[in-house]
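1. heads up, no residue letters with this:
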């Protein structure tokens with residue numbers, strides 16, 4: 001799926017109840033037994049994960065998580081960018097040039113897998129983020145045959161054939177690890193894993209926000225082995241859990257939904273927010289009011305904003321009013 005639309009005002013379900021193990025009351029050795037019971041309770045409390053349906057209590061990343069290697073790219077706040085997901089960039093190997101002249105390009109992993117686009121962009125001094133859908137099954141991807149039917153949930157609203165994934169499945173995680181390895185082989189500086197917010201949707205798999213936190217931690221741990229940066233796509237509820245571990249955010253339509261402040265913690269911690277808005281008039285008839293709304297929404301100060309058409313083609317407009325069209329294969 002090229003887009004992931006998020007309305008964080010959707011109603012959310014209640015939390016699953018956690019059952020606690022029974023403990024017999026002891027009369028003899030009361031003091032010793034109380035200490036033992038207290039120790040047992042603490043051990044169980046730390047060992048059991050709380051699962052929530054739609055609600056989430058932020059927690060600090062586990063200290064057992066491996067540290068992020070210093071060699072992982074950390075983009076700066078305010079870096080300029082372009083995102084093209086449904087077309088293949090056309091860059092001459094012998095005389096590489098690209099428009100617009102921005103710092104970062106976000107491109108589709110599979111569409112560029114057997115091309116020289118990543119290396120050509122890097123020759124031009126650009127950083128490259130490689131996109132793939134981590135939380136959904138897409139029937140037209142080269143590795144689609146690898147998914148088990150038992151790991152597929154309901155279809156994504158508006159995307160026939162695309163289905164939510166059981167992101168806790170070892171099989172799904174193996175497939176995503178293989179995709180990250182492809183990104184490493186291509187030389188991608190970062191990955192943009194989409195659709196990690198299944199818990200906010202009618203997914204058919206009982207996905208929770210904690211599932212998404214654990215899945216994102218898995219992606220970060222895997223990517224870190226290849227010194228690849230990771231961005232968090234939308235999923236505003238879990239930002240507090242993942243902010244220390246990811247290098248940037250990719251946000252869609254926070255101006256439209258008036259919730260840019262949710263992603264503001266990235267800016268406060270000197271990590272960029274690559275922000276996309278899809279005005280109704282894009283690409284040919286974006287009004288001044290639409291541009292202003294996209295660029296000056298409350299909380300969006302210092303976001304790296306790109307105004308795009310919904311098909312995420314080569315056309316882009318920026319907050320200074322400039323426009324560009326990246327050369328792609330027709």
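-> Nice, thanks for sending it over. Being a predicted model, the structure only gives us computed values, none of them experimental.

2. quick one, helices of the stretch 51-200 of the chain?
-> Using DSSP state H, counting those that start in this stretch, the helices of the stretch 51-200 of the chain run over residues 117-123, 170-186.

3. quick one: the strands in the stretch 201-330 of the chain, in order.
-> With DSSP state E, counting those that start in this stretch, the ranges of strands along the stretch 201-330 of the chain come out as 229-233, 248-252, 273-277, 304-307, 315-317, 323-325.

4. out of the ones you listed, which is closest to residue 218?
-> Taking CB to CB as the criterion, residue 218 comes closest to strand 229-233 out of these, the separation being 10.5 Å. Quick note: C-beta positions are derived from backbone N, CA and C, even for glycine.

5. hmm, who's touching that closest one?
-> Under the criterion CB atoms under 8 Å, 6 or more residues apart in numbering, residues 4, 72-75, 129, 189-197, 216, 219-220, 223, 238-239, 242, 245-252, 274 lie in contact with strand 229-233.

6. how far away is residue 66 from residue 244?
-> Computed as CB to CB, to the nearest Å, the residue 66 to residue 244 distance reads 13 Å.

7. okay, now the residue lying closest to residue 79 once chain neighbours are set aside: neighbour count?
-> Nearest-residue entry for residue 79: residue 103, 4.2 Å, with adjacent residues in sequence omitted and distances by CB to CB, 6 or more residues apart in numbering. Number of residues near residue 103 (other CB atoms under 10 Å) recorded here: 16.

8. pretty sure residue 103 contacts residue 82?
-> No. Here residue 103 does not reach residue 82: they are 9.4 Å apart, not a contact under CB atoms under 8 Å.

9. what residues are up against the residue nearest to residue 79?
-> 75, 79, 80, 81, 126, 127.

10. now render the helices of the stretch 51-200 of the chain as a markdown table, adding mean pLDDT and distance to residue 202.
-> Listed next are the helices of the stretch 51-200 of the chain as a markdown table, based on pLDDT from 0 to 100; distance: least, CB to CB, whole Å:
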| stretch | mean pLDDT | distance to residue 202 |
| --- | --- | --- |
| helix 117-123 | 98 | 36 |
| helix 170-186 | 98 | 19 |
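
11. hang on, the earlier thing: neighbour-wise, which one of the contacts of residue 103 leads?
-> Of the contacts of residue 103, residue 81 is surrounded by the most neighbours, 25 neighbours in total, counting by other CB under 10 Å.

12. beta partners of the closest residue to it other than its chain neighbours?
-> When the adjacent residues along the chain are set aside, residue 81 lies closest to residue 104, with 4.0 Å between them (CB to CB, 6+ apart). Residue 104 forms beta bridges with residue 81, residue 127, as assigned by DSSP bridges.

13. correct me if wrong: residue 104 contacts residue 130.
-> No. Counting by CB under 8 Å, residue 104 sits too far from residue 130 to count as a contact (11.6 Å).

14. the more surrounded of these two?
-> Regarding residue 104 and residue 130, a neighbour count based on other CB under 10 Å identifies residue 130 as having more, with 28 against 22.

15. next, count neighbours for the closest residue to that one other than its chain neighbours.
-> With CB to CB, 6+ apart as the criterion, residue 130 has its nearest non-adjacent residue at 3.8 Å, and that residue is residue 188. Counted by other CB under 10 Å, the residues lying close to residue 188 total 26.

16. test my guess that residue 188 contacts residue 129.
-> Yes. Using CB under 8 Å, residue 188 and residue 129 qualify as a contacting pair, with a distance of 7.0 Å.

17. give the bridge partners for the closest residue to residue 87 other than its chain neighbours, please.
-> If the residues on either side of it in the chain are set aside, residue 87 comes closest to residue 328, at 3.9 Å by CB to CB, 6+ apart. Each beta-bridge partner of residue 328 is listed here, defined by DSSP bridges: residue 89.
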